[in-house]
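Student: quick one, fold the following:
(2 chains)
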Amino acid sequence: MLSRTASNLFWMGRHLERAETAARLLDVGQRITLLPNTEAGYRNEWNSLLRASGSADIFASRYGEATQEKIEEFIFFDRDNPSSVVSCMEKAREAGRIVRTALTSQVWDALNVGYQELRKIEKMPRAQVDTASLTDFTTAHTSTVRGAINATQLRNDGWHFMHLGYSLERADATARLLDVKYFVLLPRIEFVGSGLDSYQWQVILRALSAHRSYHWAYGGDITAAQVADFLILNGESPRSLITSLYEAVWHLEGLARRYGEQVPTEARDKAREVLNALQGRNIDMIFDEGLHEFLSWFIRELSTVSNLVHHDYLLGGA
Amino acid sequence: MSYNEMFEGEAVREPYARLRDWVQTMPDDFRQMKQAEAEALFRRIGITFAVYGEGGDPDRLIPFDMMPRVFEQAEWRRLERGIKQRARALNAFLRDVYGRGEIIRAGRIPARLVYQNDAYEKSVVGFVPPRGVYSHIIGIDLVRTAKDEFYVLEDNCRTPSGVSYMLENREIMMRMFPQLFRGSRIEPVDQYPELLRRTLESVAPAKCRERPTCVILTPGHYNSAYYEHSFLANLMGVELVEGQDLFVDGEFVYMRTTTGPRRVDVIYRRIDDLFLDPLCFRPDSMLGIPGLMDVYRSGGVSICSAPGAGVADDKAIYTFVPEMVRFYLGEEPILNNVQTWTLWKEDDRRYVLEHLPELVVKEVHGSGGYGMLVGPKSTSAEIEAFRAKIIADPCNYIAQPTLALSTCPTFVDEGIAPRHVDLRPFCLCGDRIELVPGGLTRVALREGSLVVNSSQGGGVKDTWVLSE
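Tutor: Numbering: from 1, shown residues only, chains lettered A, B, ... in the order given. Sure, this is the predicted structure:
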């Protein structure tokens, strides 16, 4: 497979995942603005969410103070925001168009139809578009594409590259969101039992579409340690660091098996090593070493894995 | 009065006999339903040409007309002989002008027109590509003016496009109207991708010892013909590469793959000479592969069409193609050239300037229907403006009579009506010369219009050749 083809499939997966992340942030943000603004700090939630998506600076320089309309415009529609839903879906569709011959017609159809739909939404007057329908549209579209991929694509190297994109992006998004909010997860005495901390933890869970599954998994009250455990170490949680990384390793193993010994496997080896490190920890150890320090380490290791994928497969040996 | 390909007075010509019943018994609503179905199929398959930077939908459809254009076997055989003859002469010419230049020494073609031509590539003088073939895919644009009168409008020796329409028009017709095909003995065209692959493999370079690896080189997905590039790559089972996917290492060209470098033997390029190799041509080109030309000249890779092939197809050289047929093949040309006045000759120039309102005047290097004057369709102000341009730079122009292009019945809003058509068959040149029975028929959908270019209201039709 051409390196450029693999790279486009990889980035198609990443951008689809990123579009979903953006839509989820929009949903959470919407919820925040529905709350009374009496408790200090609720508005600041926006800022932390924008920081998690790495776009707080662009927002501040272009829009100034956050309002619902501005946020919606920025996170969903703004083409100058590389992480907006429109930007990501457009990039995913463009990557798909470039590698049309590597996609089944169902996958291309799903990508293309969703994109045409998106262009219609873009042309509608903003007052007629409500936030909930934007997030619903995005998750429905990305799910359709994902479903078409899983139902129809050959389980070949291209399939591994797409899923590698998905899983690395997901691990990265979860880690960044946790890192931005790490201070509310640290068990600090003044927050315990106040309405603020439990609400903030809920925001995190919602931002990862995990507030219901959390209750199924743990039951009872929301506590910092359990939230962190759920999102870092729980192998049942679909967006946890360990699950995402496990999937990345699985796909890297698939590539290594397929390509045999003449192709380097540094990305696979590194990803395995990080996964082992995760599996060897429990949440108390993570809190002891410092959540922020742990997450910084993880994000760094993840970016090393990404670079090694590039190095092993996407340069073409030149 | 132009030649009507279906009717002779009231009578239907033989090849169209079956189609008459089909057309006449087709209810209006059925036709509209089928037309909508065809359009939906084109969109769904993605047969669009991309137009960026003009606003609106970047993916445009070329209008498809469901009424086929039909040739009978004897008509086609003659065309086929003429096309192959022309293809052989054009390649012989290229071999000659990059070699000893016998045709110029013999005084049949002025040296200036060849050696000072922008498309003449000095960097490949003396190098003979595998099998002596320079142009591997030749698109010859033909028009018809009478039962047995065909004229060549131009030769396309570089990278003619449109073959994907020939193939997809047929696919869609077979899918929508299978009953039409069952009793009609229509020669298939779907072997084209396979023949193209064989043609490319047959011109593998001298240093290639195993089964050659072929690729298609595209300028990228912003190119208007990108769909065609990816369509052909898919049907041929070869990689579709961009310049950045290829690199030169030592004596060979490689593509970057997930399992490391893989050698490439034959490049079917869909980019211009100028963008092939920044070390040899344009240093600012982002599309090219540095060092490619050195590998090419040392027999490490084949490039189709060969760099420099364009010198055979410009409008000034065109006038000499019948001469090439006589000079290299010792045969009389089967296909006619359109009578052409070359404005650098004084007699011709005087005649043209006196008859501008009747003539078509073209720029020597123009294409796509731009930079030309269609005398009968122009105002006197336009004619005078063009006259001034000609006088300022006569070498840049040629003139031709306005031809009465044949018409073919075409579906229009009111039913069916004659519209002007042309034809582009695609001739393949490798170890053998091959021509699939068919081609791309373009139709001027506007009543009376002679311009078939898709940018100016042209559509396409399926083209049938009936077997015996």
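
Student: give me the low-pLDDT residue ranges for chain B?
Tutor: In the predicted model, chain B carries pLDDT under 70 at residues B:44-59, B:366-370, B:455.

Student: helix/strand/coil for B:Val215?
Tutor: strand (DSSP: H, G, I helix; E, B strand; the rest coil).

Student: thought it was touching B:Arg269?
Tutor: No. If you go by Cβ atoms under 8 Å, B:Val215 and B:Arg269 don't touch, sitting 9.1 Å apart. C-beta: built from backbone N, CA, C; applies to glycine.

Student: need the residues touching each of those two.
Tutor: Common neighbours of B:Val215 and B:Arg269, using Cβ atoms under 8 Å, 6 or more residues apart in numbering or on different chains, do not exist here.

Student: helices and strands of chain A: which one bottoms out on pLDDT?
Tutor: Scoring the helices and strands of chain A by mean pLDDT, DSSP states H and E places helix A:182-185 at the bottom, with a mean of 64.

Student: show me where the stretch 101-250 of chain A has strands.
Tutor: Secondary structure of the stretch 101-250 of chain A by DSSP state E, counting those that start in this stretch: no strands are present.

Student: might you name the residue of it sitting closest to chain B?
Tutor: A:Thr101 (4.4 Å; Cβ to the nearest Cβ).

Student: OK, contacts around that residue?
Tutor: Going by Cβ under 8 Å, 6+ apart, the list of residues near A:Thr101 reads B:Ser230, B:Ala233, B:Asn234, B:Leu240.

Student: distance of it relative to A:Lys181?
Tutor: 43 Å (Cβ to Cβ, to the nearest Å).

Student: and A:Thr142, by the same measure?
Tutor: Applying Cβ to Cβ to A:Thr142 and A:Lys181 gives a distance of 24 Å.

Student: comparing these two, which residue is more hemmed in?
Tutor: More neighbours surround A:Thr142 than the other of A:Thr142 and A:Lys181, with 25 against 22 (other Cβ atoms under 10 Å in any protein chain shown).

Student: burial count for B:Asp348?
Tutor: With other Cβ under 10 Å as criterion, B:Asp348 counts 16.

Student: I'd say it and B:Trp341 touch.
Tutor: Yes. Here B:Asp348 reaches B:Trp341: they are 3.9 Å apart, a contact under Cβ under 8 Å.

Student: what is in contact with those two at once?
Tutor: Counting by Cβ under 8 Å, 6+ apart, the residues touching both B:Asp348 and B:Trp341 are B:Ala399.

Student: you'd agree B:Arg20 is up against B:Val12?
Tutor: Yes. In this structure, B:Arg20 is within contact of B:Val12 by Cβ under 8 Å, at 4.9 Å.

Student: overlap in contacts, these two.
Tutor: With Cβ under 8 Å, 6+ apart, B:Arg20 and B:Val12 have common neighbours B:Met6.

Student: what are the phi and psi values at the residue in chain B that chain A sits nearest to?
Tutor: Proximity of chain B to chain A (Cβ to the nearest Cβ) peaks at B:Arg256, 1.9 Å away. Per-residue torsions, B:Arg256: phi -80, psi 120 (degrees, to the nearest 10).

Student: verify the stated contact: it with A:Ala6.
Tutor: No. Using Cβ under 8 Å, B:Arg256 makes no contact with A:Ala6, being 9.7 Å away.

Student: all helices of the stretch 151-300 of chain B, in order?
Tutor: Taking DSSP state H, counting those that start in this stretch as the test, the helices found in the stretch 151-300 of chain B are B:163-176, B:178-182, B:192-202, B:226-236, B:292-297.

Student: need the residues of the stretch 201-318 of chain A near chain B, please.
Tutor: Contact residues, the stretch 201-318 of chain A versus chain B (Cβ under 8 Å from any Cβ of the partner chain): A:Leu255, A:Tyr259, A:Gln262, A:Val263, A:Tyr313, A:Leu314, A:Leu315, A:Gly316, A:Gly317, A:Ala318.

Student: and the fourth one, what pLDDT?
Tutor: Read that as A:Val263. pLDDT for A:Val263: 92.

Student: what's the closest non-adjacent residue to it?
Tutor: With sequence-adjacent residues excluded and distances taken as Cβ to Cβ, 6 or more residues apart in numbering or on different chains, A:Val263 is closest to B:Thr259, at 5.2 Å.

Student: what is the neighbour count of that neighbour?
Tutor: Neighbours of B:Thr259 using other Cβ under 10 Å come to 17.

Student: residues touching residue 71, list them.
Tutor: You didn't say which chain, so I picked chain A. Here A:Ile71 is in contact with A:Leu26, A:Gly29, A:Trp46, A:Phe59 (criterion: Cβ under 8 Å, 6+ apart).

Student: chain B was what I was after
Tutor: With Cβ under 8 Å, 6+ apart, B:Phe71 has these contacts: B:Pro15, B:Leu79, B:Thr463, B:Trp464, B:Val465, B:Leu466.
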